[in-house]
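Visitor: Pasted the sequence and its predicted model underneath.
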Amino acid sequence: MSTKRTNPLRRTAPRFRRPVTALAVLALSAALGLAGPQAAQAQPQTFSAAELAAAGDAVLAADIAGTAWGVNPATGTVLVTVDKRVSATEVAELRRSAGAQADALTFERTAGTLQPHLQGGEPVWSNAGRCTAGFNVRAGTADYFVTAGHCTQGVSTWYTNASRTTTIGPTAATSFPGNDYGIVRYTNPAVPRPGTVNCGGTIIDITGPANPTVGQRIWLASSTTGCHSGAVTGLNATVNYGAGGIVSGLIQTTLCSEPGDSGSPVFTRTGDGTTGLAVGVLSGGSGNCASGATSFVQPINEVLAAYGAVLT
């Protein structure tokens with residue numbers, strides 16, 4: 001599988017309007033505790049798709065762990081989310097890196113640390129740890145489950161139990177970093193592989209894939225943090241988890257997630273709530289389910305296209 005570091009912001013729509021940089025600087029300064037509540041006069045300013053793409057490229061080139069970014073359609077800027085590792089000096093470095101496009105960056109602070117959430121929900125085990133079986137798929141005549149790529153990277157065999165006595169099958173493919181997805185092939189005929197998701201005891205029949213929209217309500221099912229909903233806040237986001245773990249093309253959400261949630265299925269619910277559409281698998285995030293969080297999701301349609309697979 002190939003990795004990518006290209007910036008998905010180049011596909012964003014033309015021009016937007018936003019308050020000029022003085023308000024953005026004051027908002028960031030207040031969030032970081034760097035300045036008092038001084039007022040500034042806002043003036044309209046617009047940024048082209050090329051300027052937004054250049055601003056996003058600059059954040060990527062700065063390579064600061066604990067950052068995530070994507071175009072915010074509400075303001076027409078590149079919203080950069082920074083976790084507790086990112087200092088005020090590093091925020092200033094990001095602005096310097098953007099140069100002439102610095103005004104196209106706005107910032108927000110998120111609680112906790114942006115990280116891939118290794119271990120997982122509906123539990124599956126490897127010698128490296130515990131992750132989640134997200135959605136079951138079929139490619140050709142073989143059955144697989146999709147999970148996070150940082151889970152499958154470097155792992156050969158998966159099991160249904162912590163003692164690693166009941167084999168599921170081998171990792172068939174991995175794409176991480178760049179993307180964050182992998183698939184595991186079922187080779188044990190005794191292991192069931194339904195096309196459903198267990199959402200807090202309610203069985204959701206997954207009938208197909210979905211492309212989410214900003215503001216849409218979505219659910220995450222995990223045996224670690226349970227089944228809960230959130231909203232889509234951005235598309236085509238890029239996250240720098242650190243140590244070379246840069247992933248692009250992600251869905252940004254308000255779903256809460258914790259270590260143990262990697263690979264968890266993210267989906268919509270339709271009709272009476274017992275059917276739904278697959279949105280993606282959890283990549284990682286920050287915070288916790290007590291105080292809220294920002295989480296990122298690998299879109300399922302990209303995975304299906306990469307492997308020529310269909311949901312079962």
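Guide: Okay, I see it. Predicted model only: the values in this text are computed from it and were never measured.

Visitor: Once you drop chain neighbours, what's closest to W219?
Guide: Counting by CB to CB, 6 or more residues apart in numbering, W219 lies nearest to S229, which is 4.9 Å off, once chain neighbours are set aside. Bear in mind the C-beta positions are built from the backbone N, C-alpha and C, glycine included.

Visitor: Give me the phi and psi angles of the one you found.
Guide: When quoted as degrees, to the nearest 10, the phi and psi of S229 stand at phi -110, psi 160.

Visitor: quick one: what helix or strand has A98 in it?
Guide: In the assignment (DSSP states H and E), A98 maps to helix 88-98.

Visitor: Show me what that helix packs onto, helices and strands only.
Guide: With contacts defined as 3 or more CB pairs under 8 Å, 6 or more residues apart in numbering; DSSP states H and E, helix 88-98 has these neighbours: helix 21-32, helix 49-62, strand 77-82, strand 105-109.

Visitor: please redo it, this time with the cut-off set to 6 Å
Guide: helix 49-62 (3 or more CB pairs under 6 Å, 6 or more residues apart in numbering; DSSP states H and E).

Visitor: What's the mean pLDDT across the helix it packs on?
Guide: For helix 49-62, the mean per-residue pLDDT is 95.

Visitor: just checking, next helix/strand downstream of that helix?
Guide: Heading C-terminal from helix 49-62, the first helix or strand you meet, by DSSP H and E, is strand 67-72.

Visitor: List the buried residues for that next one?
Guide: The neighbour-count check on strand 67-72 (16 or more other CB atoms under 10 Å) flags 67-72 as buried.

Visitor: What does the pLDDT read for the closest residue to I203 other than its chain neighbours?
Guide: Nearest in space to I203, with sequence neighbours left out and distances taken as CB to CB, 6+ apart, is T196 at 5.1 Å. T196 is assigned 91 on the pLDDT scale.

Visitor: for A39, same thing?
Guide: Here, the pLDDT recorded for A39 equals 40.

Visitor: Same check on A142?
Guide: pLDDT, A142: 96.

Visitor: Return the set of residues that bridge with it.
Guide: Per DSSP bridges, residues listed as beta-bridge partners of A142: A139.

Visitor: What ranges in the protein fall below the confidence cut-off?
Guide: 1-44, 116-122, 287 (pLDDT under 70).

Visitor: follow-up on the earlier one: what residues sit buried inside the helix holding A98?
Guide: Neighbour counts over helix 88-98 (16+ other CB under 10 Å) mark 91, 94-95, 97-98 as buried.

Visitor: want to try CSV for those, with distance to D272 as columns?
Guide: Formatted as CSV, those follow (distance: CB to CB, whole Å):
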residue, distance to D272
V91, 46
L94, 46
R95, 49
S97, 50
A98, 48
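
Visitor: Out of those, which is nearest to Q298?
Guide: Distance ranking of these against Q298, using CB to CB, places L94 first at 24.5 Å.

Visitor: burial count for the residue lying closest to that closest one once chain neighbours are set aside?
Guide: Setting aside the residues directly before and after it, L94 is nearest to A62 in space (CB to CB, 6+ apart), at 5.4 Å. Applying other CB atoms under 10 Å, we find 17 other residues in the vicinity of A62.
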